[in-house]
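A.B. asks: One predicted model, sequence on top.
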Amino acid sequence: MFNVNEETPVSHIYKLNSNHPEYYNLKLMPYNRQVKEGNQNVNRLVKSMKDNNLLYAAPIIVQETGNHLEIIDGQHRYLAAKFLKLPIHIHILKDVRYGEHERNLMSTLNSNQKNWGLEDFAYHYSKSYDNEISKKYSEYLDMYHTFFNGPDGPGITHGILICITQKRATRQGNNIEFKQGKLDWNYCTKQHLYQIYKQFNEIKESASQPSITKRTLKKQQFQSAILTALFNIHFDYKLFIKNLHIIPNNFNKLSKKIDMLSEVYKIECSTTS
């Protein structure tokens, strides 16, 4: 085991409870990104901290300026913690050269940060110690990469794919259940996804006047329009495919979901001699 007792510490992290005199006195730097209590990111963090407080693993980086501490990184976390009166952990930078140095540090820290995307959450849970969760997310990722984003796939995003698992045609919210490891996944879901994959491929192969471009296929507006039609119990998919072979389409010229959906229904309802 690594023995930290023999090492020289290069920085210090301190815990401040809500009754500490400095707790409410951390200053937001005037040239940092503007943020106020009630900000959307702050509200999101408040909700997250209520469910799972991990502030101890993400210290707020501060510097000593005069007789107070200024926040270089972590102002959203600070405001959220202060709202909940949770203990905070601060990392005080020593021997900071005031002026351009902390400005550069602040911009570098923020420009290099990237919140987890849906792919990151899926990969995280695919490696879970919980075998049931790991199996679900592993199978989900396999289907995503093999079919929907494989060489012949329609390029459907995680957001749209999650919609399909929930039998929705349009993205809603921030997929919080998916991010919490609560993917709705079973045999019927997998069969449903494979059926949708085959239908998208059939639509791509059936259109010839003109062919639907890869760019159009990957548009969420197009994908959402097709899903809306497929989830409509009155939509005659077989008739649509039959007509798509011989009727000109305008999908490549359209950009809005409502126009693409109108085009789908127009082709379905067209009469051919």
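C.D. replies: Noted; the coordinates are in hand. The structure displayed is predicted, hence computed values, not measured ones. Residues are numbered from 1 along each chain as shown.

A.B. asks: was I right about Leu16 contacting Leu86?
C.D. replies: No: Leu16 is not in contact with Leu86 according to C-beta atoms under 8 Å; the separation is 10.2 Å. Any C-beta I mention is one placed from the backbone N, CA and C, and that applies to glycine too.

A.B. asks: residues near Lys266, how many?
C.D. replies: Close neighbours of Lys266, defined as other C-beta atoms under 10 Å, add up to 14.

A.B. asks: For beta bridges, what are the partners of Leu16?
C.D. replies: Ile88 (DSSP bridges).

A.B. asks: picking that back up, comparing Leu16 and Leu86, which shows the higher neighbour count?
C.D. replies: More neighbours surround Leu16 than the other of Leu16 and Leu86, with 19 against 16 (other C-beta under 10 Å).

A.B. asks: who's in contact with the more buried one?
C.D. replies: Each residue near Leu16 by C-beta atoms under 8 Å, 6 or more residues apart in numbering is listed here: 22-23, 87-90.

A.B. asks: Same question for Phe240.
C.D. replies: Contacts of Phe240 (C-beta under 8 Å, 6+ apart): 229, 264, 267-268.

A.B. asks: And the pLDDT for Gln166?
C.D. replies: At Gln166, the pLDDT value in this model is 88.

A.B. asks: Show residues contacting stretch 135-145.
C.D. replies: 122-123, 125-126, 128, 158, 161, 165, 181, 183, 185, 190, 193-194.

A.B. asks: Give me the buried positions along that stretch.
C.D. replies: For stretch 135-145, a neighbour-count test (16 or more other C-beta atoms under 10 Å) marks 136-141, 143-144 as buried.

A.B. asks: and if you look at stretch 200-207?
C.D. replies: Neighbour-count burial for stretch 200-207 [16+ other C-beta under 10 Å]: 200, 203-204, 206-207.

A.B. asks: how about the strands of the stretch 51-200 of the chain, start to end?
C.D. replies: 60-65, 68-73, 88-93 (DSSP state E, counting those that start in this stretch).

A.B. asks: Format those strands as a markdown table; extra columns: mean pLDDT and distance to His12.
C.D. replies: Output for the strands of the stretch 51-200 of the chain, formatted as a markdown table (pLDDT from 0 to 100; distance: least, C-beta to C-beta, whole Å):
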| stretch | mean pLDDT | distance to His12 |
| --- | --- | --- |
| strand 60-65 | 83 | 11 |
| strand 68-73 | 83 | 13 |
| strand 88-93 | 85 | 6 |
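
A.B. asks: Assign Leu45 to helix, strand or coil.
C.D. replies: helix (DSSP: H, G, I helix; E, B strand; the rest coil).

A.B. asks: Quick check: it touching His76?
C.D. replies: Yes: using C-beta under 8 Å, Leu45 is in contact with His76, at 5.8 Å.

A.B. asks: related to what we said a few turns ago, could you list which of the buried residues of stretch 200-207 belong to helices?
C.D. replies: Here DSSP state H is the test, and the buried residues of stretch 200-207 give 200, 203-204, 206 as lying in helices.

A.B. asks: Which of those sits closest to Asn67?
C.D. replies: Asn67 has its nearest neighbour among these in Phe200, at 63.4 Å by C-beta to C-beta.
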